[in-house]
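Undergrad: structure of the sequence below:
(one chain, ligands or ions: 1)
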Amino acid sequence: MNSGNTFRIGVLGSGRGSNFVAIADAIAAGAIPAQVALVLSDVEGAGILEHAQKRNLPARFVAPGKFRTKLDEDAERTFVEALQSAKVDLIVLAGFMRVLKGDFLRAFEGRIVNIHPSLLPSFPGLEAWKQALDHGVKVTGCTVHFVDAGVDSGAIIGQQTVPVLDDDTPETLHARIHAAEHELYPKCVATLARREIAVRGRRVVRKKS
Ligand code: GRF
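TA: Numbers count the residues shown, from 1 in each chain. Below is the predicted model:
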């Protein structure tokens, strides 16, 4: 862990990186007292790496190895060592499409967060916006949560609701949820960077000042 003063964030992403951009912009604007120490992607040329490079933030591709949905042993070790060398206090998953397993989780216990495009525990897993439409819910949203060994099952840090409209398609609903994510994720990362929250079992609560 970082022994200096600035809260250091490691970001993992596989895709376009719009949540990363929202967080990096919030840091640049002074809304999150932190710095991005490292951005890693399992996808060569991913948008998230380009966004980081444009901002002169350290970023690199790490080959994920032979599996489709998780990192293989060598890749996992490379990710862990890179994040440890970067002395990250928090790992922010921003569209990272692989499940993190035991050794990774143990190396950063309680220090990994994710954003999911539904109001968990409803609709974990893939295409949560589509699950919400198929189910006919009138309200959905997004959730920032700690990462544990389950799928989208860790303690909930914050949630933001989004209405489901009668004429929504998967695309329009997904876009509305995405916009909400860009508000929620920076806010939650800021509370973590300010060390304002505490975990009590499954409940994440504000520390009393
Ligand atoms: C977001 O919709 C998030 O909920 C999910 O992955 C997507 C990442 O999008 N975990 P982006 O790469 O941040 O644009």
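
Undergrad: you'd agree Pro163 is up against Val137?
TA: No. In terms of Cβ atoms under 8 Å, Pro163 does not count as a neighbour of Val137; the distance is 10.0 Å. Just so you know, the C-beta spots here come from the backbone N, C-alpha and C atoms, and that holds for glycine as well.

Undergrad: the two: which is more packed in?
TA: Using other Cβ atoms under 10 Å as the criterion, Pro163 and Val137 rank with Val137 on top: 16 against 12.

Undergrad: and the residue of the protein nearest the ligand?
TA: Here the chain gets closest to the ligand at one residue, Gly95, 2.7 Å apart by Cβ to the nearest ligand atom.

Undergrad: ends of stretch 157-171, what's the gap?
TA: 26 Å (Cα to Cα, to the nearest Å).

Undergrad: in it, what counts as buried?
TA: For stretch 157-171, the neighbour count (16 or more other Cβ atoms under 10 Å) marks 157-160, 162, 164, 168 as buried.

Undergrad: domain ranges for this structure?
TA: 1-109, 114-209 (automatic domain parsing).

Undergrad: and the longest helix for this structure?
TA: helix 170-193 (DSSP state H).

Undergrad: other SSEs contacting it?
TA: Here helix 170-193 touches strand 7-13, helix 18-28, strand 90-93, strand 112-116, helix 128-135, strand 139-146, strand 156-163, going by 3 or more Cβ pairs under 8 Å, 6 or more residues apart in numbering; DSSP states H and E.

Undergrad: Ala22 contacts Ala179, doesn't it?
TA: No. Counting by Cβ under 8 Å, Ala22 sits too far from Ala179 to count as a contact (9.7 Å).

Undergrad: comparing those two, which residue is more hemmed in?
TA: Neighbours per residue, other Cβ under 10 Å: of Ala22 and Ala179, the larger number sits with Ala22, 22 against 14.

Undergrad: elements contacting the helix or strand of the chain with the lowest mean pLDDT?
TA: Least confident helix or strand of the chain, by mean pLDDT, DSSP states H and E, is strand 197-200 with a mean of 92. Strand 197-200 makes packing contacts with strand 203-206 when contacts are defined by 3+ Cβ pairs under 8 Å, 6+ apart.

Undergrad: average model confidence for the strand it packs on?
TA: In this model, strand 203-206 has a mean pLDDT of 95.

Undergrad: one step back: same for the ligand: which of the buried residues of stretch 157-171 are within range?
TA: With Cβ under 6 Å from any ligand atom as the criterion, the buried residues of stretch 157-171 include none near the ligand.

Undergrad: closest one to Ala26 out of those residues, please.
TA: When the buried residues of stretch 157-171 are ranked by distance to Ala26 (Cβ to Cβ), Gly158 comes first, at 14.0 Å.

Undergrad: so what's the closest one up against?
TA: 143-144, 184, 187-188, 191 (Cβ atoms under 8 Å, 6 or more residues apart in numbering).

Undergrad: switch to 6 Å and redo it
TA: 144, 184, 188 (Cβ atoms under 6 Å, 6 or more residues apart in numbering).
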